[in-house]
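1. Have a look at this fold, sequence not included:
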């Protein structure tokens with residue numbers, strides 16, 4: 001059952017060195033505040049999982065938190081490369097990071113399989129793709145009913161999943177609105193989970209706009225809830241604040257240079273008590 005903690009305490013309790021960590025949120029509700037807390041606490045040797053690693057994973061990698069990244073697309077959306085990721089993979093700074101690349105479809109299916117407690121996900125995919133030649137976690141199996149050749153990948157079962165959402169109520173249930181990615185599946189697939197939210201309300205069922213098909217992550221599936229206002233900036237939170245497009249452009253220059261990056265992390269994350 002969900003426990004209400006500070007973000008510092010939630011990360012300290014549930015994110016251990018060497019853990020496999022998923023931080024999800026598709027185009028918005030990206031858990032930047034939680035990622036920054038992981039950096040501040042100097043967590044190390046993490047295997048980071050994310051369908052679309054973007055700026056927050058670039059920051060985690062550059063800060064030395066990651067040893068491996070499992071993903072399906074990596075870049076600065078609308079801008080270009082993740083320079084800290086490239087520097088780690090290509091030149092080993094601050095240390096070498098292993099990468100394991102999948103397709104979006106495979107990652108989504110793997111999260112869903114993990115949420116269902118299954119060991120693998122099966123999909124029609126990777127036809128004509130070169131990824132199986134560089135990713136030994138992609139296998140092909142024959143359907144026992146039709147004989148069709150299908151792709152199979154291991155399910156995603158993180159040690160801890162971290163997501164950001166709009167609201168939680170006093171019972172620990174969490175509301176996710178807007179574009180919904182695999183946040184719910186990531187939480188259900190994980191051994192432990194942390195959800196950061198913009199605010200706490202009494203009861204989600206009495207909130208304006210609530211309806212039976214609303215995406216709710218139930219409190220029984222969550223270990224820790226932490227309030228982090230503007231916790232997904234510079235991405236956006238539907239109904240709360242817009243995306244900071246200017247920062248995504250600025251990040252390209254910040255991340256290109258090791259010293260500039262290090263100075264930015266020191267000023268905006270290590271020496272910041274809140275969201276950078």
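-> Good, I have the coordinates. Note that this is a predicted model, so its numbers are computed, not measured.

2. what's the domain layout of this protein?
-> 3-102+157-270, 104-154 (automatic domain parsing).

3. Highest mean neighbour count out of those domains?
-> domain 3-102+157-270 (a mean of 19; mean count of other Cβ atoms under 10 Å). From N, CA and C alone the C-beta is placed, and that goes for glycine too.

4. And that domain, how far out from the chain middle?
-> Mean-position distance between domain 3-102+157-270 and its chain equals 5 Å (Cα atoms, centre = their mean, to the nearest Å).

5. end to end, how far does that domain reach?
-> End-to-end distance of domain 3-102+157-270 (Cα to Cα, to the nearest Å): 26 Å.

6. so what's residue 210 closest to, chain neighbours aside?
-> residue 204 (6.0 Å; Cβ to Cβ, 6 or more residues apart in numbering).

7. One more: residue 105?
-> Closest residue in space to residue 105, ignoring its immediate chain neighbours: residue 125 at 5.3 Å, by Cβ to Cβ, 6+ apart.

8. Return the backbone torsion pair for that neighbour.
-> Phi and psi for residue 125, reported as degrees, to the nearest 10, are phi -170, psi 170.

9. Equivalent analysis for residue 226, please.
-> phi -130, psi 130.

10. Next up, the contacts around it.
-> For residue 226, the contact set (Cβ atoms under 8 Å, 6 or more residues apart in numbering) comprises 4-7, 9-10, 34, 194-197.

11. Report the separation between it and residue 259.
-> Noted for residue 226: a distance of 32 Å to residue 259, by Cβ to Cβ, to the nearest Å.

12. Check residue 212 too.
-> In terms of Cβ to Cβ, residue 212 sits 53 Å off from residue 259.

13. same question, residue 143
-> To residue 259, residue 143 is 54 Å away according to Cβ to Cβ.

14. Next: residue 230.
-> Residue 230 is 28 Å from residue 259, where distance means Cβ to Cβ.

15. With residue 44 instead?
-> According to Cβ to Cβ, residue 44 and residue 259 sit 22 Å apart.

16. which stretches of this protein form strands?
-> Taking DSSP state E, the strands of the chain run over residues 3-4, 20-24, 46-50, 66-71, 98-101, 120-123, 139-142, 149-154, 160-169, 174-176, 192-201, 215-217, 224-227.

17. Packing partners of the first one?
-> Translated: strand 3-4. strand 224-227 (3 or more Cβ pairs under 8 Å, 6 or more residues apart in numbering; DSSP states H and E).

18. residues touching the residue nearest to residue 98 when sequence neighbours are not counted, list them.
-> Excluding the flanking residues, the one nearest residue 98 by Cβ to Cβ, 6+ apart is residue 68, at 4.3 Å. Residue 68 makes contacts with 46-48, 97-100, as judged by Cβ under 8 Å, 6+ apart.

19. With respect to residue 60, which of these is nearest?
-> Residue 60 lies nearest to residue 48 out of the contacts of residue 68, by Cβ to Cβ, at 6.3 Å.
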